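[1] dropping a prediction and its sequence here:
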Amino acid sequence: MIEIRALRIEDYDALIALWNAAGLSHRPRGRDRREHIARELAGGCSIFLVAVDDGRIIGSILGTHDGRKGWINRLAVHPDYRRRGVGTRLVHEVEQRLEEMGIDIVTCLIEDWNEDSQAFFTALGYVRHDDIHYYSKRKGPEV
């Protein structure tokens, strides 16, 4: 039975191993370093969840919000567990928790080359917006 539970900082190494196995790009020396994740876990705007099977982390999702809009980040499922509903369960759990907080809009950003993720979120009812341009300002390449 796959359990969905809150991410704990003790899970960090297993989380990074999952992201590597899933082929998820991340910045372990920047925004995804242990200290950043720990700070976000301690804050009130994060819903960081993992899917666990027999003690092994096989899925993850990082949900956040700004008080009006929710964001889904870092959805990853280990290749051995894909197409079993793990990703869908993780997304639905974040959506439900955000709704309980009064957040009515849930969004995600997907790179244009990631067709699998685009198809996954489309199947869950997310709508692509080609009229929006994403801008960012970063302190450095690892952020």
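    Structure's in. What do you need? Since the model is a prediction, treat every value here as computed from it, not as a measurement. Residues are numbered from 1 along each chain as shown.
[2] and the longest helix along the chain, what does it pack onto?
    Once the chain is assigned using DSSP state H, the helix that runs over the most residues is helix 86-100. Helix 86-100 sits against strand 3-6, strand 46-53, strand 56-65, strand 69-77, strand 105-108, with contacts defined as 3 or more CB pairs under 8 Å, 6 or more residues apart in numbering; DSSP states H and E. In short, each C-beta sits where N, CA and C put it, glycine included.
[3] pLDDT weak spots in this structure?
    Within the chain, the ranges that satisfy pLDDT under 70 run 143.
[4] tell me the SS of A17?
    Secondary structure for A17, judged by DSSP: H, G, I helix; E, B strand; the rest coil, is helix.
[5] which residues does it contact?
    I57 (CB atoms under 8 Å, 6 or more residues apart in numbering).
[6] from G125, how far out is it?
    Relative to G125, A17 is positioned 31 Å away (CB to CB, to the nearest Å).
[7] thinking again about what came up before, quick one: closest of the helices and strands packed on helix 86-100 to P141.
    P141 lies closest to strand 69-77 among the helices and strands packed on helix 86-100, at 18.4 Å (CB to CB).
[8] would you list the phi and psi of F121?
    phi -70, psi -30 (degrees, to the nearest 10).
[9] burial measure for it, as a count.
    With neighbours defined by other CB atoms under 10 Å, the count for F121 comes to 20.
[10] contacting residues for it?
    91, 108, 110.
[11] and if we set it to 7 Å?
    Residues in contact with F121 (CB atoms under 7 Å, 6 or more residues apart in numbering) are 108, 110.
[12] what of the one 4 residues further on?
    Shown here is G125, which makes no contacts under the criterion CB under 7 Å, 6+ apart.
[13] where's it relative to R138, distance?
    G125 is 31 Å from R138, by CB to CB.
[14] same check on R128?
    Distance, R128 to R138, using CB to CB: 24 Å.
[15] what do you get for R33?
    Distance from R33 to R138, counting by CB to CB: 15 Å.
[16] kindly report the same for D13.
    Distance from D13 to R138, by CB to CB: 25 Å.
[17] same thing with V50?
    27 Å.
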